[in-house]
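> Please find the sequence and the predicted model below.
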Amino acid sequence: MKNSGFMKVFKFSYEQALKSKSTKILMIILIVVALVFLPAKTLITNGFGDEEEEIVQIESVYVKTDNENLYNSITEVVLDNLETKAEFVRTSDEEYDSVIEKLESEDSNELYLDVKFDEDETSQNFGLSYKIVYGNGEKAKEMASSLESVLAECSKDIVISYYGISKEVAETLVPTEFETAVFDLDGNEVIDDSGLNDAEYWFTYGVIMVLIIMVSFIGSMAADGIVAEKANRVIEYIMITLKPMDLILGKVLSGMATLFTMLGSVLVAFIASTFINKAIDPNAENVIQMVKGFVEDGTLKGANIVNVLLVILIIFAGSYFYAILGALSGGMVSKVEEMAEGLKIYMIVFLIGAYAAMFMAMSANTAGSGWGAISYLVYMLPMSSMFIIPSYLLIGKVSALIALAALIVVALCGILLTMLAAKIFGQMLYHNGSPLKLKDIVSMTKEGKKNEK
C-alpha cells in the first residue's frame, strides 16, 4: 500500500528535522538543562558536602514569668522542638542583673527569655509575647534567632499545653479541609469561580508558560517549513506530484511531531533529574512524590483519567490550530527575510490568547475571584482555551463539560482553517513578491469559490 502524499511529506520533513544540526543542538541543550537544573540547584544551595553546617548549641535559657504553669508549658514544648537540648531555668526580676553578666561573657551559650501571656488577646502568637536578650557576637545572635523561630512556630502548642489539652484532643479541634459540591436545579455541578490559592496559581502559571513556549515553536516551525520551500524555488517541482493540502498537512504534522519529540525527551530528562536530585538530597522530592503531593493537598482535585485525556486532546487540537495558522502565515511571504511580516496575524492571535489566560490566572490569584461570564469567553476562544483549560481542568476550576465544549470549538476552528487552506494554499504557494495582506487572502478565497463553481 502506497503512502498518501501528505504522509510522504510528513515522513521526509520529520526525518530531515531530526537530522538537522540546529534541531540536534537545541534538543541536546534542553535535555542537559532539564537534567542538571535541579541537582545543580541543590548542590549550590546546600553546598557540596565538604563542610557540615555547625549547629548552635544553647546551653541554658533563663525564663522570666510569673506563671508557673506557663513556664512548664514553654519548657515542655520548646525542648521538644529545639535542635539541641538546653537547660531551662526559671528566674525573676531580682536575678536579671546577674543573668546579664553571664550573657556578656565571651563563651556564653545562654539566653534570657521574658514571657508574658494575655488570655484575652487573639494575635498571631495566641496572646504570647516574648523578649529575648542575648550576649555579644554572631554566635549569640544565631542562638537568639534559633529560639525565636521555635517560639514563633510553637506558640499554639504552648497555649494548648497551658490549658492542659493533650495533643490527641488538640488535633481533633483543629479544622480540617473538606470539599463541597454545588449543583443547580438541573443536577449540573456548579464549578467554583473563586480565586486561585498560591499552589493552584503557580501550577496554572507553570502550565501556561510551557504551552506558550510550545506554541511559539510550533508556529515558527510550520511557517519556516513552508517559506523554505518557496525561497529555494523547489515548490514548482514539488507541486507536480503533490496537492497543496498534502504539502501543508505534511509540514504542519511533521513540525508538531518534531516538537512533541523534543518535549518528550526534555520531560524524560526532567523526570530523571528529580530522581538524581533525590539521591543528592534525601529531603527533595522526585516526580512521583511531587504529583502525589499535588493530589494529596487538593491542588489537582480534578485529575482523573477522563480529564487527563481531555487535556491531551485540547493541547493537541490547540497545537494543530496554531500550526495550521503558522503555515498559512508562512505562505503569505516569499522570502525568509520577510517572515516577521507574514507572522503578524499569527502573533496577534497568539498574544491575545496567551495574555488572556495569564491575566485571568493572575486576577484569580491576586483579586481572589474569577472573571464571571467573561471567563467562559476565554474558555471557548480557540486562541486562549488551549492555554487556560488544561490547568483549570486539573485543579477543578472548570468541568469536563466545559472542557469538552472548548475542545469541540478549537477542533472546528482547526478544521475551518484547514478548509480555508485547501481553497487558497495553491495560489499562496505560487505567490512571489511582496507579502500578502489580509485583503489578498479574502480575494483568494473568493476566487477559490468561483473556480469551484
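Structure's in. What do you need? Numbering: from 1, shown residues only.
> Could you pull up the contacting residues of the spatially closest residue to residue 133 that is not a sequence neighbour?
In space, and not counting its chain neighbours, residue 133 is closest to residue 112: 4.0 Å by Cβ to Cβ, 6 or more residues apart in numbering. From N, CA and C alone the C-beta is placed, and that goes for glycine too. For residue 112, the contact set (Cβ atoms under 8 Å, 6 or more residues apart in numbering) comprises 61-62, 64, 91, 96, 99-100, 103, 132-134.
> Make sure residue 112 is indeed in a strand.
Yes. Residue state for residue 112 (DSSP: H, G, I helix; E, B strand; the rest coil) corresponds to a strand.
> tell me the mean pLDDT over the helix or strand harbouring residue 98?
In this structure, residue 98 sits in helix 96-104 according to DSSP states H and E. Averaged across helix 96-104, pLDDT comes to 79.
> Just send the contacts of residue 112 back as JSON lines, with neighbour count and distance to residue 382 too.
JSON lines is the format used below for the contacts of residue 112 (neighbours: other Cβ atoms under 10 Å; distance: Cβ to Cβ, whole Å):
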{"residue": "61", "neighbour count": "22", "distance to residue 382": "65"}
{"residue": "62", "neighbour count": "23", "distance to residue 382": "69"}
{"residue": "64", "neighbour count": "20", "distance to residue 382": "69"}
{"residue": "91", "neighbour count": "17", "distance to residue 382": "72"}
{"residue": "96", "neighbour count": "15", "distance to residue 382": "73"}
{"residue": "99", "neighbour count": "19", "distance to residue 382": "72"}
{"residue": "100", "neighbour count": "13", "distance to residue 382": "72"}
{"residue": "103", "neighbour count": "18", "distance to residue 382": "69"}
{"residue": "132", "neighbour count": "16", "distance to residue 382": "60"}
{"residue": "133", "neighbour count": "17", "distance to residue 382": "65"}
{"residue": "134", "neighbour count": "21", "distance to residue 382": "63"}
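> circling back to that earlier point, quick one: list the elements packing against the helix holding residue 98.
Applying 3 or more Cβ pairs under 8 Å, 6 or more residues apart in numbering; DSSP states H and E, one finds that helix 96-104 makes contact with strand 110-117.
> circling back: between the helix holding residue 98 and strand 110-117, how big is the angle?
Taking axes from the mean of the first three to the mean of the last three Cα atoms, to 10 degrees, one finds helix 96-104 and strand 110-117 inclined to each other by 130 degrees.
> what's next to helix 96-104, contact-wise?
Residues from elsewhere that reach helix 96-104 (Cβ under 8 Å, 6+ apart): 62, 64, 91, 108, 110-112, 133-136, 140.
> Same question for stretch 290-306.
Contacts for stretch 290-306 (Cβ under 8 Å, 6+ apart): 177, 179, 199-200, 203, 274, 285, 393-397, 400.
> I'd like to know the average pLDDT value across it.
On average, stretch 290-306 scores 78.
> before we move on, what about stretch 256-273?
90.
> ditto for stretch 218-231
Taken as a whole, stretch 218-231 has an average pLDDT of 73.
> how about that stretch as CSV, C-alpha atoms only?
Extracted in CSV, the C-alpha atoms of stretch 218-231 (Å, rounded to 0.1, in the frame of the first residue of the first chain):
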residue,chain,number,x,y,z
ILE,A,218,5.0,25.2,16.6
GLY,A,219,4.0,28.3,14.7
SER,A,220,7.5,29.3,13.6
MET,A,221,8.4,25.7,12.6
ALA,A,222,5.3,25.4,10.4
ALA,A,223,6.0,28.8,8.8
ASP,A,224,9.7,28.1,8.3
GLY,A,225,8.9,24.8,6.6
ILE,A,226,6.7,26.5,4.0
VAL,A,227,8.8,29.6,3.4
ALA,A,228,12.0,27.4,3.0
GLU,A,229,10.4,25.5,0.1
LYS,A,230,9.2,28.7,-1.5
ALA,A,231,12.5,30.5,-1.1
